[in-house]
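Visitor: prediction below, plus the sequence it came from.
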Protein chains: 2
Amino acid sequence: MNATATLNDHIRDGTAIYERSFAIIRDEADLSRFSEGEADVAIRMIHASGMVEAARHFVFGAGVCDVARQALQAGAPILCDAEMVARGITRARLPADNEVICTLRDMRVPELANKIGNTRSAAALELWRDRMAGAVVAIGNAPTALFHLLSMIDDGAPKPAAILGMPVGFVGAAESKEELANNPRGIPFAIIRGRLGGSAMTAAALNALARPGI
Amino acid sequence: MNATATLNDHIRDGTAIYERSFAIIRDEADLSRFSEGEADVAIRMIHASGMVEAARHFVFGAGVCDVARQALQAGAPILCDAEMVARGITRARLPADNEVICTLRDMRVPELANKIGNTRSAAALELWRDRMAGAVVAIGNAPTALFHLLSMIDDGAPKPAAILGMPVGFVGAAESKEELANNPRGIPFAIIRGRLGGSAMTAAALNALARPGI
């Protein structure tokens, strides 16, 4: 049971708060279908969302934790669809001072979006091409970005090492994630089925893969 | 009902995606207890979370939408506890080129945290003091920050115009938000009861207050 916290009497130590949060999550969440590595990622995703029930929607494709960890340790860049995802990645956890790249605000993006007839979030991925090979992709916002990533790969773009596909929302989010899970194109992946997702859970997953534990 | 979206056949127009998303939310969410202004904010918060059910946990204190809107229009700074909240605020929506301030990474914060025996998220608020009067506060991450804000106000710090208190998590989140709702100290507020919250919903609420509609 959670301790009662009040204005004058609540935990003020960051590490203690993490430890207690993770203990509550382990106590309440059903993590039984996850490997130890997957559970570590799941706990941090639950922590970011405040929802133990979210765990039932997490899907980890075969090998994704090991592959993503190894890629990050080997210095893979991290490609993010949204500034919030990029900002949520804790630089101090990254094992190889990995580059965190978000091209959404690049000045070329609005014109690219017009040219390809897609959202700016999708068009921004066109600027990833020379960094995609072996990268870890973290899509936490736009379904159109995840759909476009898969189209680019189908059209011959270099394959990332792993894809965290966790866009949130009501239009295309569920479908884009099912497309990835149903046909991962040989790329290890993690998704959150349905509408749930978002920058916080995506960054949390990446942070867990970058360095296990608190 | 949601249209089926596929890799080759999904909506690629950003505005159309927003419109469809908001229509789905209006169709599915129970917004009946909200004013029109509150519903506008609630829809954007639901949109950011992917959960129509979240709406039942939203509490808007009297006047918060009008007061926050007016403050922003008058140029109030926006004080954020986390970089992700700050990054999620759409600058183009701000009515007066408002400053968006997050002091978490200020070099003085680690020492301040030691000095006051609190988290860095809480200590960072000590650097808000000369900007607090009339500001719009957006706390979307740390319960310790919300608790500390209220303590600072109790100790005589200048009062913000409005407080969005939406930290997420398992330790102190629910309690810090209840503390604000039970004793708002004369400050209009909005909270999400319980564990739910986070940077995306908080930034979404601020973005809705900054400019209504899509």
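Guide: Happy to help now that I have it.
Visitor: how about the helices in chain A?
Guide: A:14-28, A:36-49, A:64-73, A:83-88, A:109-116, A:120-123, A:143-154, A:173-182, A:199-210 (DSSP state H).
Visitor: can you redo the ones you listed as TSV with mean neighbour count, mean pLDDT and distance to chain B?
Guide: (Glycine included, C-beta is placed from N, CA and C.) Listed next are these as TSV, based on neighbours: other Cβ atoms under 10 Å in any protein chain shown; pLDDT from 0 to 100; distance: least, Cβ to the nearest Cβ, whole Å:
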stretch	mean neighbour count	mean pLDDT	distance to chain B
helix A:14-28	16	97	4
helix A:36-49	23	98	7
helix A:64-73	21	98	20
helix A:83-88	25	97	4
helix A:109-116	15	98	8
helix A:120-123	24	98	7
helix A:143-154	24	98	6
helix A:173-182	22	98	4
helix A:199-210	28	98	5
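Visitor: turn the ones you listed into CSV, columns for distance to residue B:199.
Guide: Listed next are those as CSV, based on distance: least, Cβ to Cβ, whole Å:
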stretch, distance to residue B:199
helix A:14-28, 16
helix A:36-49, 9
helix A:64-73, 23
helix A:83-88, 7
helix A:109-116, 23
helix A:120-123, 18
helix A:143-154, 19
helix A:173-182, 18
helix A:199-210, 6
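Visitor: between these, which gets nearest to residue B:56?
Guide: Residue B:56 lies closest, by Cβ to Cβ, to one member of these: helix A:36-49, at 16.7 Å.
Visitor: pick out the residue closest to the middle of chain A.
Guide: residue A:202 (2.8 Å; Cα atoms, centre = their mean).
Visitor: so how far is residue A:139 from that one?
Guide: 7 Å (Cβ to Cβ, to the nearest Å).
Visitor: now do residue A:124
Guide: 11 Å.
Visitor: find residues that contact each of the two.
Guide: Listed contacts common to residue A:124 and residue A:139 are A:81, A:145; contacts here mean Cβ atoms under 8 Å, 6 or more residues apart in numbering or on different chains.
Visitor: who has more neighbours, these two?
Guide: With neighbours defined as other Cβ atoms under 10 Å in any protein chain shown, residue A:124 and residue A:139 compare such that residue A:139 has more, 31 against 27.
Visitor: list the contacts of residue A:188.
Guide: By Cβ under 8 Å, 6+ apart, the contact set of residue A:188 is A:61-64, A:67-68, A:161-163.
Visitor: out of those, which one sits closest to residue B:88?
Guide: Closest approach to residue B:88 among the contacts of residue A:188 (Cβ to Cβ): residue A:163, at 22.7 Å.
Visitor: so residue A:4 touches residue B:176, yeah?
Guide: No: assessed by Cβ atoms under 8 Å, residue A:4 is found out of contact with residue B:176, at 11.9 Å.
Visitor: burial of the closest residue to residue A:117 other than its chain neighbours, as a residue count?
Guide: Leaving aside its chain neighbours, residue A:117 sits nearest to residue B:12 (6.0 Å; criterion: Cβ to Cβ, 6 or more residues apart in numbering or on different chains). Look at residue B:12: counted by other Cβ under 10 Å, it has 18 neighbours.
Visitor: now do the same for residue A:10: its pLDDT.
Guide: Reading off the confidence values, residue A:10 has pLDDT 94.
Visitor: quick one: it and residue B:145 touch, right?
Guide: No: if you go by Cβ under 8 Å, residue A:10 and residue B:145 don't touch, sitting 11.7 Å apart.
Visitor: relative to residue A:168, how far out is the closest residue to residue A:21 other than its chain neighbours?
Guide: Spatially, and ignoring its direct neighbours in sequence, residue A:21 is nearest to residue B:170 (4.3 Å; Cβ to Cβ, 6+ apart). According to Cβ to Cβ, residue B:170 and residue A:168 sit 21 Å apart.
Visitor: which residues does the closest residue to residue A:106 other than its chain neighbours contact?
Guide: Nearest residue to residue A:106 in three dimensions, chain neighbours excluded: residue A:127, at 5.6 Å (Cβ to Cβ, 6+ apart). Shown in contact with residue A:127 (Cβ under 8 Å, 6+ apart): A:103, A:106, A:108-109, A:112.
Visitor: can you list those residues in TSV and add distance to residue B:187?
Guide: Shown next, in TSV, are the contacts of residue A:127 (distance: Cβ to Cβ, whole Å):
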residue	distance to residue B:187
A:103	40
A:106	40
A:108	44
A:109	39
A:112	44
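Visitor: which of those residues sits closest to residue B:55?
Guide: residue A:109 (32.9 Å).
Visitor: who touches that closest one in this structure?
Guide: A:103, A:120, A:123-124, A:127.
Visitor: same thing but at 10 Å, please
Guide: Contact analysis of residue A:109 by Cβ atoms under 10 Å, 6 or more residues apart in numbering or on different chains lists A:103, A:119-127.
Visitor: would you mind measuring from it to residue A:25?
Guide: For residue A:109, the distance to residue A:25 equals 37 Å [Cβ to Cβ].
Visitor: please apply the same query to residue A:62.
Guide: Counting by Cβ to Cβ, the gap from residue A:62 to residue A:25 is 24 Å.
Visitor: same deal with residue A:158?
Guide: Residue A:158 is 36 Å from residue A:25, by Cβ to Cβ.
Visitor: re the thing from before, surely the residue nearest to residue A:117 meets residue A:176?
Guide: No: Residue B:12 is beyond contact range of residue A:176, at 11.9 Å (criterion: Cβ atoms under 10 Å).
Visitor: need the overlap of contacts for these two.
Guide: With contacts taken as Cβ under 10 Å, 6+ apart, residue B:12 and residue A:176 have A:144, A:147-148 as neighbours in common.
Visitor: report the contact partners of residue A:123.
Guide: By Cβ under 10 Å, 6+ apart, the contact list for residue A:123 reads A:103-104, A:106, A:108-117, A:144-145, A:148, B:12.
Visitor: again, but for residue A:122
Guide: If you count contacts by Cβ under 10 Å, 6+ apart, residue A:122 has them with A:81, A:109, A:112-113, A:116, A:142-149, A:151-152, B:12, B:14.
Visitor: nearest residue to it in space, please, no chain neighbours.
Guide: With Cβ to Cβ, 6+ apart, the residue lying closest to residue A:122 is residue A:148, at 3.7 Å.
Visitor: can you tell me which residues contact that neighbour?
Guide: Contacts of residue A:148 (Cβ under 10 Å, 6+ apart): A:81, A:116, A:118-119, A:121-126, A:139, A:142, A:176, B:7, B:10, B:12.
Visitor: same deal with residue A:206?
Guide: Here residue A:206 is in contact with A:41, A:44, A:68, A:72, A:78, A:80, A:85-86, A:88-90, A:93-94, A:98, A:100, A:136-138, A:140, A:162, A:164, A:166, A:190 (Cβ under 10 Å, 6+ apart).
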